[in-house]
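**Q** turn this into a structure:
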Amino acid sequence: MDEVKIWALDGDSNVTPLASKDHTDTESLLEETLVRNPDLLIPGLRLVGRQTPTEGGPLDLLGVDEDGRLVVFELKRGTLSRDAVAQIIDYASDLNAKNDVALAEHIAANSGVGGIERIEDFEEWYGENTDGQSLDSLRPLRLFLIGLGADERTERMVRFLAENTGMDISLLTFHGFAYDGKTLLARQVEVEAAAETGPRRRRRLSVQERRERLNKKIEDSGVSETFSAVQGMFEASWPQFTTNPTGLGLSIRFRRRTYARIDPTKGSVRIVFFPSAKALCLDEFRQPVEEIPYETYPKKREPLKDPRTEIQFQLTSEEWEQHRDRLSALTTAVYEAWENNGQ
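**A** Okay, the predicted model is just below:
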């Protein structure tokens, strides 16, 4: 890798070489600077995860680019070595092995860490920030190795992958310089993936098209009457709510924040209460979780002790009729708590 140098010019065309800052000083600034200024990585990038867990360990940063693709970043405090190449492929392959629903739930469940915004419903967030694209537009994943330099073997390996395998992998390095009491960062692209990587971007779906897809999913699941009854319960209990159709179901919101979702599944309806709803009136959820079959996401969590856990009641038509009064009382309690907390 060629050495990066920067010179300061004055009005008389005199040049002063800037001193490179010690790597230790730059390391301490780099990750936090990139979290606060993700455009330094990719223009238009939205970060959705920091230290997101994978089978191979926590990945440093996770984002969505302007095209709606998921981007995996591995940052090294120092010079990048060949181990970093294997590491980022390990992380990305684990995420890519998840289906769209599992991937969306995984991102949402692990958001809100280290200065990253908390995302209650990733599919809804994704649709709003990509003009209605569906979750399959997240792929193929993009991979970025970030460091304060890279050895020749690493650069050779990344270049081979980018130019010969179709993998969208790039290598960026940052260099720190001292000038007038400030630290300057220089960004250098060592290896950049080919511009034409992966399939052509899909056309973004309109709200009407998403509603039509959801209606077909409800019909195919054989739960039209039950789904309509559950939606009617929310309409009666939450007079100020709005809805947004997603690939999973119908999200229910107050003032652009999601509090619940209704999902049609084969032979049943899933009623999902997000942590935002649970936080409004936690005690009101105690009796329902004792009486009504439920699951949590993430799986096998304590529904009332873990503040970031969704509560999901998945009910057949018969189970809905059995528990509808209890669920109606719960939805009413959530709305009243929302009003009493100043909306």
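
**Q** ok, residues contacting stretch 78-88?
**A** If you take CB atoms under 8 Å, 6 or more residues apart in numbering as the criterion, stretch 78-88 is touched by 23, 27, 56-57, 59, 72, 74, 76, 143-145, 147-151, 153-154, 157-158, 161, 169, 171, 173. Every residue, glycine included, has its C-beta placed from N, CA and C.

**Q** which residue ranges form the strands in the stretch 101-250 of the chain?
**A** Using DSSP state E, counting those that start in this stretch, the strands of the stretch 101-250 of the chain run over 142-147, 169-179, 182-191, 242-245, 250-254.

**Q** out of these, deepest packed?
**A** Of the strands of the stretch 101-250 of the chain, the one with the most neighbours on average (mean count of other CB atoms under 10 Å) is strand 142-147, at a mean of 24.

**Q** out of the helices and strands in this structure, which is least certain?
**A** strand 19-20 (a mean of 67; mean pLDDT, DSSP states H and E).

**Q** follow-up on the earlier one: now which of the contacts of stretch 78-88 would you call buried?
**A** 23, 27, 59, 72, 74, 76, 143-145, 147-150, 154, 157-158, 161, 169, 171, 173 (16 or more other CB atoms under 10 Å).

**Q** and the contacts of the helix of greatest length in the chain?
**A** Taking DSSP state H as the criterion, the chain has its longest helix at helix 317-340. By CB under 8 Å, 6+ apart, the residues outside helix 317-340 that reach it are 223, 225-226, 229-230, 233-234, 236-239, 254, 259-260, 268-269, 271, 273, 277, 280-281, 284-285, 287-288, 291-293, 313, 315.

**Q** from those residues, which land in helices?
**A** Counting by DSSP H, the contacts of helix 317-340 contribute 225-226, 229-230, 233-234, 236-237, 277, 280, 287-288, 291 to helices.

**Q** report the buried members of those.
**A** For these, a burial check counting by 16+ other CB under 10 Å picks out 226, 230, 233-234, 237, 277, 280, 288.

**Q** going by distance to residue 45, which of those wins?
**A** Of all those, residue 45 sits closest to residue 277, with 30.1 Å by CB to CB.

**Q** per-residue pLDDT, the closest one?
**A** With respect to pLDDT, residue 277 scores 92.

**Q** surely it and residue 254 touch.
**A** No: look at residue 277 against residue 254 with CB atoms under 8 Å: they stay out of range, at 9.6 Å.

**Q** buried stuff in stretch 124-139?
**A** 124-127, 130, 132-135, 137-139.

**Q** nearest to residue 304 among the residues you listed?
**A** Taking CB to CB as the measure, residue 304 lies nearest residue 124 of the buried residues of stretch 124-139, at 24.3 Å.

**Q** for the closest one, give me its contacts.
**A** Applying CB under 8 Å, 6+ apart to residue 124 gives the contacts 244, 246, 251, 258.

**Q** the ones in helices among the contacts of helix 317-340: which two are farthest apart?
**A** Checking the ones in helices among the contacts of helix 317-340 with CB to CB, the most distant pair is 225 and 280, at 29.3 Å.

**Q** for residue 40, see how far away the nearest residue to residue 225 once chain neighbours are set aside is.
**A** Spatially, and ignoring its direct neighbours in sequence, residue 225 is nearest to residue 317 (7.2 Å; CB to CB, 6 or more residues apart in numbering). Separation of residue 317 from residue 40 (CB to CB, to the nearest Å): 53 Å.

**Q** likewise residue 98?
**A** From residue 98 over to residue 40 (counting by CB to CB), the distance is 28 Å.

**Q** residue 68 now?
**A** Residue 68 is 20 Å from residue 40, where distance means CB to CB.

**Q** domain assignment for the protein?
**A** Domain assignment for the chain, taken from automatic domain parsing, gives 7-191, 207-340.

**Q** lowest mean pLDDT across those, which one is that?
**A** The stretch with the lowest mean pLDDT among the domains of the chain is domain 7-191, at a mean of 87.

**Q** tell me the span between the first and last residue of it.
**A** 24 Å (CA to CA, to the nearest Å).

**Q** try stretch 293-301
**A** End-to-end distance (CA to CA), stretch 293-301: 14 Å.

**Q** can you give me the offset of that stretch from its chain's centre?
**A** Offset of stretch 293-301 from its chain centre (CA atoms, centre = their mean, to the nearest Å): 20 Å.

**Q** likewise stretch 90-97?
**A** A distance of 14 Å separates the centroid of the chain from that of stretch 90-97, by CA atoms, centre = their mean.

**Q** next one: stretch 159-176
**A** Remark: stretch 159-176 is offset 23 Å from the chain centroid, using CA atoms, centre = their mean.

**Q** can you get me the start-to-end distance on that stretch?
**A** One end of stretch 159-176 to the other measures 24 Å (CA to CA).

**Q** rewinding a little: and the longest helix of the chain, which residues are buried?
**A** So for helix 317-340, counting by 16+ other CB under 10 Å, buried means 319-320, 323, 327-328, 330-331, 333-335, 337-338.

**Q** C-alpha coordinates for it, CSV please?
**A** Below are the C-alpha coordinates for helix 317-340, written out as CSV (Å, rounded to 0.1, in the frame of the first residue of the first chain):
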residue,chain,number,x,y,z
SER,A,317,-59.9,-18.8,15.1
GLU,A,318,-61.0,-20.8,18.1
GLU,A,319,-58.3,-19.4,20.3
TRP,A,320,-59.1,-15.9,19.2
GLU,A,321,-62.8,-16.3,20.2
GLN,A,322,-61.6,-17.7,23.5
HIS,A,323,-59.2,-14.8,24.3
ARG,A,324,-60.7,-11.9,22.4
ASP,A,325,-62.1,-10.2,25.5
ARG,A,326,-58.7,-10.3,27.3
LEU,A,327,-56.9,-9.0,24.3
SER,A,328,-59.5,-6.3,23.8
ALA,A,329,-58.9,-5.1,27.4
LEU,A,330,-55.2,-5.2,26.8
THR,A,331,-55.3,-3.1,23.7
THR,A,332,-57.6,-0.6,25.4
ALA,A,333,-55.1,-0.4,28.3
VAL,A,334,-52.2,0.3,26.0
TYR,A,335,-54.1,3.1,24.3
GLU,A,336,-55.2,4.7,27.6
ALA,A,337,-51.6,4.6,28.8
TRP,A,338,-50.4,6.2,25.6
GLU,A,339,-52.9,9.1,26.1
ASN,A,340,-52.1,9.5,29.8
